[in-house]
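# Sequence first, then the predicted structure:
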Amino acid sequence: MYYVYQIVDEDTKFYTGYTSDLRERIKRHNAGENESTKGKIWKLVYYEAYLSEKDARRREKQIKDSGQARRFLRERIRESILEASSD
């Protein structure tokens, strides 16, 4: 299984990625093992699961490249984002 995920920090900054091990990947983000997310505490606010790695990569690219896709996704998970950033 492959996952496309979106995490948010306390300043409501987002990071979108894909992985085959979601729990481990979030741990690695919070351990500072990724330059883009280093120094912050990240919370998972959304994920999608795929059987195909190719499908997951394609969806990750769509979210990262398309302002409309990002806007639509963030609207769908608006309350989750607010909860995560207020904890």
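Yep, it's here.
# Tell me where this structure is predicted with low confidence.
For the chain, the stretches with pLDDT under 70 are 87.
# Let me see the ranges of the strands in it.
Using DSSP state E, the strands of the chain run over 2-8, 14-19, 43-50.
# wait, which of these is closest to residue 64?
Residue 64 lies closest, by CB to CB, to one member of these: strand 14-19, at 5.6 Å. (Each C-beta comes from the backbone N, C-alpha and C, glycine too.)
# what are the pairing partners of the closest one, and which direction each?
strand 2-8 (antiparallel) (DSSP bridges).
# How about residues contacting the partner strand?
14-20, 22, 25-26, 29, 37, 42-53, 55-56, 59-60, 63, 73, 77, 81, 84-85 (CB atoms under 8 Å, 6 or more residues apart in numbering).
# Name the residues of it that are buried.
With burial defined by 16 or more other CB atoms under 10 Å, the residues of strand 2-8 counted as buried are 2, 3, 4, 5, 6, 7, 8.
# Same check on stretch 47-60?
In stretch 47-60, counting by 16+ other CB under 10 Å, buried: 48, 50, 56, 59, 60.
# tell me the contacts of the residue nearest to residue 12 when sequence neighbours are not counted?
Among residues not flanking residue 12 along the chain, residue 85 sits closest, at 4.7 Å (CB to CB, 6 or more residues apart in numbering). Under the criterion of CB under 8 Å, 6+ apart, the neighbours of residue 85 are 8, 9, 10, 11, 12.
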